[in-house]
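Colleague: Sequence first, predicted model second:
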Amino acid sequence: MFGFGRIAALAVTLACGLATSQAPELAQQYRQRLNGAMQELEQVVAAFDADATNNKLTRDEVLKVYDASTVPVLRDRGRSMRAAFDRFDRLVRHAALFEDLSPVARPLALVRSPDTMVLKGTLADFEPAVPITPHGLIWTGVGLLFGFGLFKGLALLLRRRGPRVFVQRRPL
């Protein structure tokens, strides 16, 4: 017969394994959204640069024209284009980071420096998947070990400080 402690340990271990097993899927869905956002901004940047070139100007020259304008909407447009260029550059660097990482390490990039807008969208639309890839199974194993260790650590703390609620000792 299983005691409460063993059932709780199993539940915590499985919950952690289940949660971490989704890390590679979350990273994959994030990466797909990241690439989509990057491709959309790439079209905006390319169109802006083409307009500048067609008018025999550079990007910076067009932005200076926006800055010097007395029309507020044009100055605002210059600022928003600068923000778009900066975001595009950040997305390109972040996508390159993902490409440089092994599939098992990609979830760590989400912790390190995610694009907030892309991450929010990914989390809002996230759909769990069965982790049948090698890196999915690695993350599942890490979660199982973490959950088991977490439970054992908590049980140790509670055993020393309070009544023996979770851990039952059997007589020898």
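Modeller: Now that the structure is in, tell me what you want to look at.

Colleague: any idea which residue sits dead centre in the protein?
Modeller: residue 110 (3.0 Å; C-alpha atoms, centre = their mean).

Colleague: any low-confidence regions in this protein?
Modeller: The chain contains residues with pLDDT under 70 at 1-2, 131-132, 160-172.

Colleague: Identify the single longest helix in it, thanks.
Modeller: Looking only at the chain and at elements set by DSSP state H, the helix with the highest residue count is helix 23-54.

Colleague: Flag every buried residue along that one.
Modeller: 23-31, 33-34, 37-38, 41, 45, 48, 52 (16 or more other C-beta atoms under 10 Å). C-beta coordinates here come from the backbone N, C-alpha and C atoms, glycine included.

Colleague: Ok, stretch 142-156 next?
Modeller: For stretch 142-156, by 16+ other C-beta under 10 Å, it's 142-144, 146-148, 151, 155.

Colleague: what would the residues you listed look like in a markdown table with secondary structure and distance to residue 91?
Modeller: Shown next, in a markdown table, are those (DSSP: H, G, I helix; E, B strand; the rest coil; distance: C-beta to C-beta, whole Å):
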| residue | secondary structure | distance to residue 91 |
| --- | --- | --- |
| 142 | helix | 28 |
| 143 | helix | 29 |
| 144 | helix | 34 |
| 146 | helix | 31 |
| 147 | helix | 34 |
| 148 | helix | 38 |
| 151 | helix | 40 |
| 155 | helix | 45 |
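
Colleague: ok, so of those residues, who is nearest residue 88?
Modeller: Within the buried residues of stretch 142-156, the smallest distance to residue 88 is 34.0 Å, found for residue 142 (C-beta to C-beta).

Colleague: distance of that closest one from residue 123?
Modeller: The spacing between residue 142 and residue 123, counted by C-beta to C-beta, to the nearest Å, is 21 Å.

Colleague: Compute the number of surrounding residues for residue 68.
Modeller: 10 (other C-beta atoms under 10 Å).

Colleague: just to revisit the earlier point, and the buried residues of stretch 142-156, which is closest to residue 16?
Modeller: residue 147 (2.7 Å).

Colleague: So which bits of stretch 55-63 are buried?
Modeller: Buried residues in stretch 55-63 (16+ other C-beta under 10 Å): 59, 62-63.
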